[in-house]
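Colleague: here is my input, please return the structure:
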Amino acid sequence: MSPVSTTVSVSGMTCGHCVSSVSEELEALEGVEAIDVDLNAGGISTVTITSDKALSRSEIGEAVAEAGYLVVANEA
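Modeller: Residues are numbered from 1 along each chain as shown. Predicted coordinates for the structure are as follows:
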């Protein structure tokens, strides 16, 4: 089965430590293989999650919230 890529926008991340916290929580989700974070300090950062199955928005949101950040809508 091919990997599934999910991209979410996360607000409130400002530094490498933020990236580490969010990545650590997301990597704990079942099936997650890789996390790629495009940090936009103080703005909206883009987080791409590669997993072996589709992840629900709620489980991603909960993991990000556990790290102390917020998933925001991808709307312009």
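Colleague: work out for me the element the residue sitting nearest the centre point of the chain sits within.
Modeller: Nearest to the geometric centre of the chain sits Val47, at 4.4 Å (Cα atoms, centre = their mean). Assigned by DSSP states H and E, Val47 falls within strand 44-51.
Colleague: could you list the buried residues of that strand?
Modeller: Across strand 44-51, burial judged by 16 or more other Cβ atoms under 10 Å covers Ser45, Val47, Ile49, Ser51. Every C-beta, even on glycine, is put in place using the N, C-alpha and C of the backbone.
Colleague: and after it, which helix or strand comes next?
Modeller: Downstream of strand 44-51, the next assigned helix or strand under DSSP H and E is helix 57-66.
Colleague: mind listing what's buried along that next one?
Modeller: Buried, per 16+ other Cβ under 10 Å, within helix 57-66: Ile60, Gly61, Ala63, Val64.
Colleague: using a markdown table, lay out these together with distance to Ser2.
Modeller: Below are these laid out as a markdown table (distance: Cβ to Cβ, whole Å):
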| residue | distance to Ser2 |
| --- | --- |
| Ile60 | 19 |
| Gly61 | 24 |
| Ala63 | 22 |
| Val64 | 24 |
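Colleague: which of those sit farthest apart?
Modeller: Using Cβ to Cβ, the pair of the buried residues of helix 57-66 lying farthest apart is Gly61 and Ala63, separated by 7.4 Å.
Colleague: now the longest helix anywhere in the chain: how far from the chain's centre is it?
Modeller: When the chain is parsed with DSSP state H, its longest helix is helix 16-27. Remark: helix 16-27 is offset 8 Å from the chain centroid, using Cα atoms, centre = their mean, to the nearest Å.
Colleague: mind giving me the packing neighbours of it?
Modeller: strand 32-38, strand 44-51, helix 57-66 (3 or more Cβ pairs under 8 Å, 6 or more residues apart in numbering; DSSP states H and E).
Colleague: turn those into CSV, including mean pLDDT and distance to Val4.
Modeller: CSV is the format used below for the helices and strands packed on helix 16-27 (pLDDT from 0 to 100; distance: least, Cβ to Cβ, whole Å):
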stretch, mean pLDDT, distance to Val4
strand 32-38, 97, 9
strand 44-51, 96, 5
helix 57-66, 95, 12
